[in-house]
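>>> Model the structure of this input:
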Amino acid sequence: MSDTNTVRPPASFDELKERALEWGRRHGKARLGLAAAWDQVALKAMANARELELVEPVLVGDRGLIDGAASSAGVDISGWELVHVEGDVASARKAVELVRAGGVDFLMKGKVNTADVMRAALDKETGIRAGKLMSHIAIMWTPTFGRLLCMSDGGIVPSPTLEQKADIIRNAVDAMHKLGWELPKVAVVGALEKVNPALPHTVDAAELAKMNQRGEITGCIVDGPFGFDNAVSVVAAERKGVKSPIAGKADLVIFGDIDVGNVFFKAMNFMTDVAQTAGVLIGAKVPIVMPSRADDPDTKRNSIVVGTVIAHAQKERE
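Numbering: from 1, shown residues only. Here you go, the predicted structure:
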């Protein structure tokens with residue numbers, strides 16, 4: 001049973017937004033901490049999410065810089081909570097501290113490097129690490145595909161080992177349970193849908209499927225290797241003779257390394273005008289929205305929606 005007490009998975013970002021609003025009506029709006037909050041685009045995304053009644057903003061960083069950025073962005077922050085801290089690294093550490101103290105429910109990266117946010121989150125003494133590994137999950141939707149598709153990892157783990165790939169799956173599946181998938185179908189993809197020792201990713205894919213069968217990876221169905229086409233297209237799977245309960249029906253696609261996942265996600269964002277996307281860092285005690293500087297406002301808003309649903313589900317689990 002999923003943590004959201006629903007059987008049918010969400011089919012669109014609008015459905016996820018409605019789930020976030022329903023959580024908020026029942027439990028109060030999630031408090032979103034923006035680290036190094038003097039980021040104009042992030043402030044606009046935060047204002048949009050607040051206007052939609054998704055979150056209550058908590059701005060962390062230098063008051064003067066934040067006021068200047070908000071003024072330039074045309075965002076009225078007069079009613080927002082602001083925690084003054086000087087410096088981007090210090091802002092990241094303070095935002096993580098607020099999570100530990102219960103002052104915010106999840107985080108978003110502002111004008112601070114991803115590496116500095118990661119260091120603050122992973123600190124053994126003061127961080128918010130929850131499991132063995134932190135990873136990134138991306139979610140996308142297109143009119144042609146007609147449903148949400150998740151992918152991992154395209155942002156954090158450069159060249160994952162077999163066990164790290166297993167942890168990437170575990171992190172993503174845990175997040176998907178919170179988002180509304182009861183038993184995600186996980187396709188481990190590569191260049192071929194057959195095991196070939198010359199392509200180590202295909203060997204790992206077959207082993208990950210066995211780990212799932214042995215109960216070492218739970219809460220989902222894992223199979224592979226797949227080509228991307230026969231993982232998401234029933235027609236492609238039939239044409240290639242790929243037999244699997246996942247073939248053409250994947251909910252989650254696992255890529256062999258960060259290069260493939262990152263390029264695929266950016267291609268979806270920048271090669272089509274109709275794709276809707278989102279991405280969050282998972283594997284910490286709370287989700288962390290880690291937008292790229294190149295992400296458009298819709299992607300940032302969708303990412304906040306995803307983070308909001310995960311954060312609410314996490315609070316209910318506790």
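
>>> in the stretch 1-150 of the chain, which spans are helices?
Ranges of helices in the stretch 1-150 of the chain, per DSSP state H, counting those that start in this stretch, are 13-27, 40-51, 63-73, 88-101, 114-122.

>>> Would you format those helices as a markdown table with distance to D273 included?
Heads up, the C-betas are built off the backbone N, CA and C, glycines and all. Shown next, in a markdown table, are the helices of the stretch 1-150 of the chain (distance: least, CB to CB, whole Å):
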| stretch | distance to D273 |
| --- | --- |
| helix 13-27 | 16 |
| helix 40-51 | 19 |
| helix 63-73 | 24 |
| helix 88-101 | 33 |
| helix 114-122 | 27 |
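
>>> Out of those, which is closest to K165?
Shortest distance between K165 and the helices of the stretch 1-150 of the chain, using CB to CB, is found for helix 114-122: 19.3 Å.

>>> what residues does the closest one touch?
With contacts defined as CB atoms under 8 Å, 6 or more residues apart in numbering, helix 114-122 is touched by 35, 88-89, 92-93, 95-96, 107, 109, 126-129, 134, 156, 281, 284, 288, 290.

>>> Which among the residues you listed count as buried?
35, 88-89, 92-93, 95-96, 107, 109, 127-128, 134, 156, 281, 284, 288, 290 (16 or more other CB atoms under 10 Å).

>>> Identify the residue spatially nearest to S72, adjacent ones excluded.
Once flanking residues are discounted, S72 sits nearest to Q40: 5.8 Å by CB to CB, 6 or more residues apart in numbering.

>>> where does the stretch 201-318 of the chain dip in pLDDT?
Within the stretch 201-318 of the chain, the segments meeting pLDDT under 70 span 318.

>>> quick one: the strands in it?
Applying DSSP state E, counting those that start in this stretch to the stretch 201-318 of the chain gives strands spanning 221-227, 252-254, 276-282, 288-289.

>>> closest one to M151 among those strands?
Checking the strands of the stretch 201-318 of the chain against M151 by CB to CB gives strand 252-254 as the closest, at 4.6 Å.

>>> Quickly run through the sheet partners of that closest one, with directions.
In the sheet, strand 252-254 lines up against strand 149-152 (parallel), strand 185-190 (parallel) (DSSP bridges).

>>> that older thread, export the helices of the stretch 1-150 of the chain as CSV, with columns for distance to I169 and mean pLDDT.
Listed next are the helices of the stretch 1-150 of the chain as CSV, based on distance: least, CB to CB, whole Å; pLDDT from 0 to 100:
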stretch, distance to I169, mean pLDDT
helix 13-27, 21, 90
helix 40-51, 29, 92
helix 63-73, 38, 97
helix 88-101, 25, 96
helix 114-122, 20, 92
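
>>> Could you point out which of those helices sits nearest G79?
Closest to G79 of those is helix 40-51 (CB to CB; 9.2 Å).

>>> So which other helices or strands are in contact with the closest one?
strand 30-35, strand 55-61, helix 63-73, strand 106-109, helix 297-317 (3 or more CB pairs under 8 Å, 6 or more residues apart in numbering; DSSP states H and E).

>>> Of the ones you listed, which is nearest L149?
Set against L149 and scored by CB to CB, those come closest in helix 297-317, at 13.2 Å.

>>> Return the set of buried residues in that closest one.
Going by neighbour count (16+ other CB under 10 Å), the buried part of helix 297-317 is 298-314.

>>> how about the helices and strands packed on helix 40-51 in JSON lines, adding distance to A250?
JSON lines is the format used below for the helices and strands packed on helix 40-51 (distance: least, CB to CB, whole Å):
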{"stretch": "strand 30-35", "distance to A250": "29"}
{"stretch": "strand 55-61", "distance to A250": "30"}
{"stretch": "helix 63-73", "distance to A250": "39"}
{"stretch": "strand 106-109", "distance to A250": "27"}
{"stretch": "helix 297-317", "distance to A250": "18"}
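
>>> which one of those lies closest to E22?
E22 sits nearest to helix 297-317 of all the helices and strands packed on helix 40-51, at 9.0 Å, using CB to CB.
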